[in-house]
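Trainee: I would like to see how this sequence folds:
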Amino acid sequence: MADQQSAELNTMRCAAVIGLLVLASACACAQDAPMAGPERLVWMREHLLNTVAKFEFTQGYSFRQNPENLRPFMEAIKARGFTAWDQMALGGIWDDEAFALLERSIEVAAEVGLDVWATLSPPSGAQEIARWSLQQRQEYYYSTAERFARLASEHPNFVGFGCDDFPYNMGFFSPEMLAEMARRWRGICPRLAFVPLFYYGSITRELFETRGDYIDGIVFHFRAGSYPHAYLPGYDPKNFEMYGDVMRYELKRIRQIAGDHPVICGIYVWYYQGGWGVLTPDEQNPAEEHIVRDAAQKFEIAHEYADGVRVYGLGIGHAAYQAMEQLLHTWQAQDSDWGQERGDPESHLARWQQELGDGPYLGTLLSGERGLGRDLPRACPWPRVELVRYFERGEFDPVAAARRYPLLLASRATMPREWPGLLRRYAEAGGTLVLEMVPGWVVDAGVQALEADEADRGDEAPTTLEMAELSGIEFHYHQRGFATRRRVVEEHALTEGLGEVGAWQTVPFEEGGNTYPYLVHPVRATDAEVLIEVEHEVCPYDGVSYARRGEIAGTYPLLTVNQVGEGYVVRHYAHNSPAAVFGEVWEALLDNLLRLAEAE
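Mentor: The predicted model follows:
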């Protein structure tokens, strides 16, 4: 069946590409961009090379409210040395009013010598669109792409359009849908580029195999999404040099995967949490000097490894843009094109390698920083060591690890079948193992072949079952409930200071807020001790968000501990945002985890 579906998909893709090529020969317009194939990518790279675009943030020039500000704004962008302006529709929907404003921006930009891009909001970014029927949503994107193309056919400086947060909407933007979009807009104006936005991790070879014929390049927005701790020992997000080497690593990896597709690097110049910029020493809002240094470094690295840049954040009058302007003048004087560097992604990382001592260290086995993965390393006095490469290379010794890493946090959506056994042996040797994200639930087949009768995902997936047994619970992913109240069930070293035994505590929640962080899994304990339990309110997904129903579904474990050999396995079941569910006692729980590990 899989082979048949693959063959059908290939047939469809070939037919779509052939159709685009046929349209090319019939196109009587003057544009010389090929309709499809390798020649189109060559043309696009030539015409997108050296793009320097400003995306939104109109501080000081709010032209939507005051149209007289539009020309001064475009002139200010041009004066900074930028080549393009990227405009989004206010409210996310490209209606007649939004198109009228876009056309006016295109006309003024042409007069000052700027190109213009436009950006679509995906269904995930516009609730009104998300609530439309599938057919209505599809027709909206088809017709909007056609309107973009007609506008581009009349205005040569309207050169491209993109789509925000594209990887969160891959199910909607299927190969079939993108093929139809491409047929429509390229049939009107072949030279108009479609360059959607992606993040690290979503840029894969599969993306280009299934959708590469219908996109003309990518905007890769950098935010250190590769989880640097996995390959850069002792990674410090406050270190400019380390952060710069992470950006070089990611851009070189992306260039390898993207092949002939142009890569525009997106950078942020106003937000510094979550890897979007170098953190300040106190992790507070940065001073202007820090903002400028961070922006200039990212701008320079993008110039080395990307075909262009898209800058998001702060007004064009900020000192960060002045620093970028100076760099642009220097490169222009040197006749230095963008994206001329390539090479081994890891070539910049060798200088950071180091030998470990005996410890103690906090061991982590993570795929990203969230929940405990973000907060426990900050609370722990021991240096942190990410262990994923030791596991991948077969170099993880469970017995030695129990001494070197008294506390080990594992939070991964997938892992090879042998890893749960290594984690069990670690606990048996006296280590304290903390589990957060649900290993194995998402998909096991992606990391190891399954037996014929094994499920590839869900409650019965192999590593789901192994990790559940290790935790001493029966795991159920659905139906997740909204956490309304929690209470300590028994006295334990981990519950000290978390509340009186048996006393219910309301989980703090601001009415009208996002319910997603408060979702918890309906697990049942088998061998584990239940230390804290939580009341679940029915909260199903309505197609846009998780909606509370006011009906209590039951009470389930929130925090459990299971003794395994000489050690312990601690697990909580609020992995979307444990800090939200545990509320004011979250930091006390972190302290208790550290004390438990120190005592072992």
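Trainee: domain ranges for this structure?
Mentor: If you go by automatic domain parsing, the domain ranges for the chain are 37-334, 355-599.
Trainee: which residues of the stretch 1-150 of the chain score low on pLDDT?
Mentor: Applying pLDDT under 70 to the stretch 1-150 of the chain picks out residues 1-31.
Trainee: swap in the chain?
Mentor: Checking the chain against pLDDT under 70 turns up 1-31, 438-457.
Trainee: just checking, next helix/strand downstream of the longest strand along it?
Mentor: Scanning the chain for the longest strand, with DSSP state E as the assignment, gives strand 552-564. As assigned by DSSP states H and E, the chain's next helix or strand after strand 552-564 is strand 567-572.
Trainee: Strand partners (parallel or antiparallel) of that next one?
Mentor: In the sheet, strand 567-572 lines up against strand 432-435 (parallel), strand 552-564 (antiparallel) (DSSP bridges).
Trainee: Beyond it, next helix or strand please.
Mentor: On the C-terminal side of strand 567-572, the closest following helix or strand by DSSP H and E is helix 578-582.
Trainee: any idea which of the strands paired with strand 567-572 is most buried?
Mentor: strand 432-435 (a mean of 25; mean count of other Cβ atoms under 10 Å). Every residue, glycine included, has its C-beta placed from N, CA and C.
Trainee: okay, the domains of the chain in a markdown table with distance to residue 347 next?
Mentor: Formatted as a markdown table, those follow (distance: least, Cβ to Cβ, whole Å):
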| stretch | distance to residue 347 |
| --- | --- |
| domain 37-334 | 8 |
| domain 355-599 | 17 |
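Trainee: Select, out of those domains, the one closest to residue 348.
Mentor: Closest approach to residue 348 among the domains of the chain (Cβ to Cβ): domain 37-334, 4.3 Å.
Trainee: closest one to residue 121 among the strands paired with strand 567-572?
Mentor: Set against residue 121 and scored by Cβ to Cβ, these come closest in strand 552-564, at 33.9 Å.
Trainee: ok, now how distant is residue 599 from residue 592?
Mentor: Applying Cβ to Cβ, to the nearest Å, the value for residue 599 to residue 592 is 11 Å.
Trainee: scratch that, residue 96 is what I was asking about
Mentor: Remark: distance between residue 96 and residue 592 (Cβ to Cβ) = 59 Å.
Trainee: for residue 44, same thing?
Mentor: 56 Å.
Trainee: For the two, work out which one has more neighbours and name it.
Mentor: The neighbour comparison of residue 44 against residue 592 (other Cβ atoms under 10 Å) goes to residue 44, with 25 against 20.
Trainee: Pull the number of nearby residues for the closest residue to residue 177 other than its chain neighbours.
Mentor: Among residues not flanking residue 177 along the chain, residue 138 sits closest, at 6.2 Å (Cβ to Cβ, 6 or more residues apart in numbering). A count of neighbours around residue 138, defined by other Cβ under 10 Å, yields 18.
Trainee: Now residue 88. Its backbone dihedrals?
Mentor: phi -110, psi 150 (degrees, to the nearest 10).
Trainee: Wait, it touches residue 56, no?
Mentor: Yes. Here residue 88 reaches residue 56: they are 5.7 Å apart, a contact under Cβ atoms under 8 Å.
Trainee: Which one of those two is surrounded by more residues?
Mentor: Per other Cβ under 10 Å, whichever of residue 88 and residue 56 has more neighbours is residue 88, with 19 against 12.
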